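Q: A structural model of the following input is requested.
(2 chains)
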Number of protein chains: 2
Amino acid sequence: MDSFSERLVAAVGATGPLCAGIDPSAALLARWGLTDDGAGLAEFGSRCVEAFAGVVPVVKPQVAFFERHGSAGFAALERVIAEARTAGLLVIADAKRGDMDSTMDAYADAWLGPDGPFQADAVTATPYLGIGSLRPLFDVARANARGVFVVVRSSNPEGRPLQEALTAGGSSVEDGLLADLGRLNGSEPGTPGPFGAVVGATLSPSAFVLSQFNGPFLAPGVGAQGAGPADVAALFAGCTPGSVLPSVSRSVLTAGPSAEALRSAAARARDDLAAAIG
Amino acid sequence: MDSFSERLVAAVGATGPLCAGIDPSAALLARWGLTDDGAGLAEFGSRCVEAFAGVVPVVKPQVAFFERHGSAGFAALERVIAEARTAGLLVIADAKRGDMDSTMDAYADAWLGPDGPFQADAVTATPYLGIGSLRPLFDVARANARGVFVVVRSSNPEGRPLQEALTAGGSSVEDGLLADLGRLNGSEPGTPGPFGAVVGATLSPSAFVLSQFNGPFLAPGVGAQGAGPADVAALFAGCTPGSVLPSVSRSVLTAGPSAEALRSAAARARDDLAAAIG
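A: Here you go, the predicted model:
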């Protein structure tokens, strides 16, 4: 099977540069006239898959909104991921998991393992316990042609003090993580490996030159959170075509529940981004 | 209802200073002769609850091992938490969640909300997106007399570079988080508030004087990970009685599956810790 990054670059090249969030918050469930329970979550997800298939290359279910309903929510998530993959969409599970040792093995098995319950193409992870603690996730991802996006620079202002703190090596935490991920990918810039970075589109660049990174970028913060296509284009100037994946959630999902309206909103966001970042 | 910290200090005072992990890894399920599926997880958890009730004040299910089996695993976790609380045990869900905005609201509802599926007494959280991003979790915890333990100093060496990085304010990330949590608790040292810190028992002290912290401590790394009762006593010298909760998992769980053997192992670990930290 092709690697995750090969599949990602091909899908973005074929369909356009947009990851559509599947964020069934209580507010959006109510707005769509759905029940706030496992059945409502599954229906929300199915409608997203139906609307987004063929329009965007990647969907990103936000795990928290499914977890809010416990086992019933996770049953819905299992179904939504399976439906999305059947529809030809790549799936990034936005789980932001992060632990160590056998615990990290278990998260890796859950999200990226060959027999795992969720079968995502990639998962997001947080590095507070150190990039080395995520090693089991990287190993399972590589062995199964899947990907990992590590949160490096989140799109919220509260993350700045920690992410800009200076490590003993002299670089900021976030720049150090990009260097670490680059070493783990082991490839040349321009040839993205399976280990990507979440870099918020709302923020100014740091010292690390993003075009020199050899992994994919997931860029939240577009749309309702404030960044526009021009911000994305400026931040990721010179990056490998197809390796930059801006993510939009609320500003598309509030167009629902009509499949036609969702599809139009997603296509418009995609085309605006494609025009800006090429 | 009494606050989480009041309940924690009372329970530790009555039963002893030990949190027993419920870690149904694939290896431990096999060792206990249980199936590696939702039924095996539920049975493992039930046996832990039966063995630990009355012997330790707090249990800590490790969410990753349940998540490994998806919705079936979470159904088992819901059952195990309910059984533990019915048996009079306090439950800390070791989920290490961390996100922002409405996503963090959803995690807060899931783990600590009055109508949530899991109904833990407290949950662990990671602060990579900034302590401010966890605000929804703190708000829900306080409103429902529950607690939060933020991972500050993890017990693994890979966490050191990030956790020791220097923030613009001049303190390390970990010391800055302790100061932030102290402000959120808002109480005097000696009167622990609901927001605690995970501080690994395997590591040397930092500049922050832990006895001046006004929240509870969860201290993993005891037993199989290498720290002994004397290490715990030295690290937390002068801290409020009942506010320090060392956590032991593998070294007790490998004594199973016999309830009597588990109970003896937990009681021995508890008594060793009580003798050291008083």
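
Q: for A:Gly186, phi and psi?
A: Main-chain torsions, A:Gly186, degrees, to the nearest 10: phi 70, psi 10.

Q: isn't it up against A:Gly193?
A: Yes. Judged on CB atoms under 8 Å, A:Gly186 makes contact with A:Gly193 at a distance of 6.4 Å. Backbone N, C-alpha and C define where each C-beta goes, glycine included.

Q: overlap of the contact sets of those two?
A: A:Asn214 (CB atoms under 8 Å, 6 or more residues apart in numbering or on different chains).

Q: these two: who's more crowded?
A: A:Gly193 (23 against 10; other CB atoms under 10 Å in any protein chain shown).

Q: you'd agree the more buried one is in a helix?
A: No. With DSSP: H, G, I helix; E, B strand; the rest coil as the criterion, A:Gly193 is located in coil rather than a helix.

Q: who are the contact partners of it?
A: A:3, A:5, A:184-187, A:214-215.

Q: mind redoing it with 7 Å?
A: A:5, A:185-187, A:214-215 (CB atoms under 7 Å, 6 or more residues apart in numbering or on different chains).

Q: among those residues, which ones are buried?
A: Among the contacts of A:Gly193, those scoring as buried are A:5, A:185, A:214-215 (criterion: 16 or more other CB atoms under 10 Å in any protein chain shown).

Q: returning to that earlier point: report the two of the contacts of A:Gly193 separated the most.
A: A:Ser5 and A:Gly186 (12.3 Å; CB to CB).

Q: ok, the residue in the stretch 151-278 of chain A positioned nearest to chain B - how many residues close by?
A: Relative to chain B, the nearest point of the stretch 151-278 of chain A is A:Glu158 (3.3 Å; CB to the nearest CB). For A:Glu158, the count of nearby residues is 18 (other CB under 10 Å).

Q: how about it, what does it touch?
A: B:129-130, B:132-133.

Q: quick one: the closest residue to chain B within the stretch 101-250 of chain A and A:Gly73, what's the gap?
A: Residue of the stretch 101-250 of chain A nearest chain B, by CB to the nearest CB: A:Pro117 (2.6 Å). With distances taken as CB to CB, to the nearest Å, A:Pro117 is found 13 Å from A:Gly73.

Q: neighbours of A:Gln163, how many?
A: Around A:Gln163 there are 26 residues (other CB under 10 Å).

Q: and the longest helix for chain A?
A: helix A:259-277 (DSSP state H).

Q: counting by contacts, list what that one packs against.
A: helix A:38-52, helix A:229-235, strand A:244-248, helix A:250-253 (3 or more CB pairs under 7 Å, 6 or more residues apart in numbering or on different chains; DSSP states H and E).

Q: buried residues in it?
A: Of the residues in helix A:259-277, those buried (16+ other CB under 10 Å) are A:262-263, A:265-267, A:269-270, A:272-273, A:276-277.

Q: alpha carbons only: can I get that helix in PDB?
A: Extracted in PDB, the C-alpha atoms of helix A:259-277 (Å, rounded to 0.1, in the frame of the first residue of the first chain):
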ATOM      1  CA  ALA A 259     -26.400  18.000   1.900                       C
ATOM      2  CA  GLU A 260     -26.500  20.400  -1.000                       C
ATOM      3  CA  ALA A 261     -25.700  23.400   1.200                       C
ATOM      4  CA  LEU A 262     -22.900  21.500   3.000                       C
ATOM      5  CA  ARG A 263     -21.400  20.500  -0.300                       C
ATOM      6  CA  SER A 264     -21.500  24.000  -1.700                       C
ATOM      7  CA  ALA A 265     -20.000  25.400   1.400                       C
ATOM      8  CA  ALA A 266     -17.200  22.900   1.400                       C
ATOM      9  CA  ALA A 267     -16.600  23.400  -2.400                       C
ATOM     10  CA  ARG A 268     -16.400  27.100  -1.900                       C
ATOM     11  CA  ALA A 269     -13.900  26.900   1.000                       C
ATOM     12  CA  ARG A 270     -11.800  24.400  -1.000                       C
ATOM     13  CA  ASP A 271     -11.800  26.600  -4.200                       C
ATOM     14  CA  ASP A 272     -10.900  29.700  -2.200                       C
ATOM     15  CA  LEU A 273      -7.900  27.800  -0.600                       C
ATOM     16  CA  ALA A 274      -6.900  26.200  -3.900                       C
ATOM     17  CA  ALA A 275      -6.800  29.700  -5.600                       C
ATOM     18  CA  ALA A 276      -4.700  31.100  -2.800                       C
ATOM     19  CA  ILE A 277      -2.200  28.300  -2.200                       C
END
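
Q: coming back round to it: and the two most separated of the contacts of A:Glu158?
A: Among these, B:Leu129 and B:Gly132 lie farthest apart (CB to CB), at 8.5 Å.

Q: who has more neighbours, these two?
A: B:Leu129 (25 against 17).

Q: can you give me the strands in the stretch 51-200 of chain A?
A: With DSSP state E, counting those that start in this stretch, the ranges of strands along the stretch 51-200 of chain A come out as A:58-61, A:90-97, A:122-125, A:147-153, A:195-199.

Q: and A:Pro117 and A:Gly73? which has more neighbours close in?
A: A:Gly73 (26 against 22).

Q: once you drop chain neighbours, what's closest to that one?
A: Closest residue in space to A:Gly73, ignoring its immediate chain neighbours: A:Phe66 at 3.9 Å, by CB to CB, 6 or more residues apart in numbering or on different chains.

Q: over to A:Glu164?
A: A:Ser172 (5.1 Å).

Q: for that neighbour, list the residues it contacts.
A: Contacts of A:Ser172 by CB under 7 Å, 6+ apart are A:163-166, A:206.

Q: do A:Cys48 as well
A: A:22, A:59.

Q: count the neighbours of the residue nearest to A:Glu260 when sequence neighbours are not counted for me.
A: Spatial nearest neighbour of A:Glu260, chain neighbours left out: A:Ala51 (7.9 Å); criterion: CB to CB, 6+ apart. Using other CB under 10 Å, the number of residues around A:Ala51 comes to 26.

Q: out of the helices and strands packed on helix A:259-277, deepest packed?
A: strand A:244-248 (a mean of 27; mean count of other CB atoms under 10 Å in any protein chain shown).

Q: what helices and strands are in contact with that one?
A: For strand A:244-248, the packing partners by 3+ CB pairs under 7 Å, 6+ apart are strand A:19-22, strand A:217-219, helix A:259-277.

Q: ok, and what's touching it?
A: Contacts of strand A:244-248 (CB under 7 Å, 6+ apart): A:12, A:17-21, A:58, A:60, A:201, A:216-220, A:222-223, A:232, A:236, A:269, A:273, A:277.

Q: run the last query once more with 8 Å
A: A:8, A:12, A:17-21, A:58, A:60, A:201, A:216-223, A:227, A:229, A:232, A:236, A:266, A:269, A:273, A:277.

Q: within its sheet, name the partner strands of that strand and how each one runs.
A: strand A:19-22 (parallel), strand A:217-219 (parallel) (DSSP bridges).

Q: mean pLDDT added to those strands, as JSON lines?
A: As requested, the strands paired with strand A:244-248 are arranged in JSON lines below (pLDDT from 0 to 100):
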{"stretch": "strand A:19-22", "mean pLDDT": "98"}
{"stretch": "strand A:217-219", "mean pLDDT": "97"}
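
Q: just put the ones you listed in TSV and tack on mean neighbour count.
A: Below are these laid out as TSV (neighbours: other CB atoms under 10 Å in any protein chain shown):
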stretch	mean neighbour count
strand A:19-22	26
strand A:217-219	26
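
Q: looking at these, which is closest to B:Asp139?
A: By CB to CB (comparing all of those), the closest turns out to be strand A:19-22, at 23.9 Å.

Q: how far does the closest one sit from the chain's center?
A: Here strand A:19-22 is found 8 Å from its chain centre; the criterion is CA atoms, centre = their mean, to the nearest Å.

Q: can you check stretch A:38-55 too?
A: 17 Å.

Q: for that stretch, what is the average pLDDT?
A: Averaged across stretch A:38-55, pLDDT comes to 98.
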